[in-house]
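Asker: Got a predicted model here, sequence first, then my questions.
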Amino acid sequence: MRMRKKSDLPQKTCQHCGLPFAWRKKWEKVWDEVKYCSDRCRSERKRADKPAGEGAA
């Protein structure tokens with residue numbers, strides 16, 4: 001197995017925070033579907049997509 005430099009890995013830009021992030025082994029099979037750099041950005045994006053006042057009583 002050959003080690004790769006992080007700079008050699010594919011990169012994308014997070015759709016929530018706009019920061020670049022690199023490919024990870026755990027995303028190997030779903031890389032085309034990855035849109036966010038972290039679980040936090042993914043959950044924040046979902047929260048931001050909800051209309052204002054939803055869930056408020």
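Answerer: Arrived safely. Numbering: from 1, shown residues only.
Asker: What distance do you get for the spatially most central residue of the chain to K5?
Answerer: Centroid check for the chain by Cα atoms, centre = their mean gives Y36 as the closest residue, at 1.4 Å. Going from Y36 to K5 by Cβ to Cβ, to the nearest Å gives 24 Å. C-beta coordinates here come from the backbone N, C-alpha and C atoms, glycine included.
Asker: same question, K29
Answerer: Using Cβ to Cβ, K29 is found at 22 Å from K5.
Asker: Mind jotting down where the helices sit in the protein?
Answerer: 39-49 (DSSP state H).
Asker: buried residues in stretch 31-50?
Answerer: 34, 36-37, 41-42 (16 or more other Cβ atoms under 10 Å).
Asker: Just put those residues in JSON lines and tack on pLDDT.
Answerer: Output for the buried residues of stretch 31-50, formatted as JSON lines (pLDDT from 0 to 100):
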{"residue": "V34", "pLDDT": "96"}
{"residue": "Y36", "pLDDT": "96"}
{"residue": "C37", "pLDDT": "95"}
{"residue": "C41", "pLDDT": "94"}
{"residue": "R42", "pLDDT": "93"}
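Asker: Alright, calling it a day.
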